[in-house]
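Undergrad: predicted model and sequence follow; I will ask about them next.
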Amino acid sequence: MNVAVHPDWRGLGLGKRLVRQAIDMAVRKEMKRVFLEVRRSNAAAISLYKSAGFFIDHTKANFYENGEDAHFMVRFL
């Protein structure tokens, strides 16, 4: 699943609501944890995910085609 908010709509709490809904879906399906990956340079997304209870589990260098690193984050449910 991808979570994204159009730039014109950012800063209105929509991303937080989308992440919350994804977590709620995982809880209803009795999942034990949720994983995600995010570009290391995406400070806004990392902050959002941390506020939702995620933490950085590990980082993979050169994960994206442009050579950027990715943080892999997890939240236990």
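TA: Yep, that arrived.
Undergrad: how about the strands of this protein, start to end?
TA: Remark: strands assigned in the chain by DSSP state E are 33-39, 55-60, 70-76.
Undergrad: can you give the contact residues for the first one?
TA: Same thing as strand 33-39. 22-23, 26, 45-46, 49, 54, 57, 63-64, 68-77 (C-beta atoms under 8 Å, 6 or more residues apart in numbering). C-beta coordinates here come from the backbone N, C-alpha and C atoms, glycine included.
Undergrad: how about a cut-off of 7 Å?
TA: Residues outside strand 33-39 that contact it (C-beta atoms under 7 Å, 6 or more residues apart in numbering) are 23, 26, 45-46, 49, 54, 64, 68, 70-77.
Undergrad: strands paired with it, and their directions?
TA: strand 70-76 (antiparallel) (DSSP bridges).
Undergrad: next one: the partner strand to chain centre, how far?
TA: 7 Å (C-alpha atoms, centre = their mean, to the nearest Å).
Undergrad: that strand vs strand 55-60, what angle?
TA: Strand 70-76 runs at 150 degrees relative to strand 55-60, counting by axes from the mean of the first three to the mean of the last three C-alpha atoms, to 10 degrees.
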